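Undergrad: A structural model of the following input is requested.
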Amino acid sequence: MSSTRHTAIVTTKGQIVIPSKIRRRLNIKKGTKLYIEEKGDELCLKPITPEYYKKLAGVLATKGKLTKALLEERAKDQERENKK
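TA: You can find the predicted model right below:
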């Protein structure tokens, strides 16, 4: 895994812009949800994409049912975002 450093400015609404190079590499598109983890005084952002769910497959003993349900929910979220 490569390490890159970028800066972003927080807007008055608490928003930041993720650099396009990173968005492309991590397949982050409009409507992609991010998992945000607070680690002490650091924030860790992880895109919640189908690849993210596939990595989680097998972590719980659900025989793939949970992954399928999460992917279906993500598809519904995408449909709602596309209708806006």
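Undergrad: same question for stretch 39-56, mean pLDDT?
TA: Averaging pLDDT along stretch 39-56 gives 84.
Undergrad: show me what counts as buried in that stretch.
TA: Pro47, Thr49, Tyr52, Tyr53 (16 or more other CB atoms under 10 Å). Yep, even glycine has a C-beta here, placed from its N, CA and C like the rest.
Undergrad: just for the protein, where's the confidence low?
TA: The chain contains residues with pLDDT under 70 at 1-2, 57-64, 84.
Undergrad: sec struct for the spatially most central residue of it, please.
TA: Residue closest to the mean C-alpha point of the chain, counted by CA atoms, centre = their mean, is Pro47 at 1.6 Å. On the three-state scheme (DSSP: H, G, I helix; E, B strand; the rest coil), Pro47 is labelled strand.
Undergrad: would you say Glu38 is within a strand?
TA: Yes: with three-state DSSP as the criterion, Glu38 is located in a strand.
Undergrad: return the distance of it relative to Glu79.
TA: From Glu38 across to Glu79, the span is 30 Å (CB to CB, to the nearest Å).
Undergrad: and for Lys29?
TA: 14 Å.
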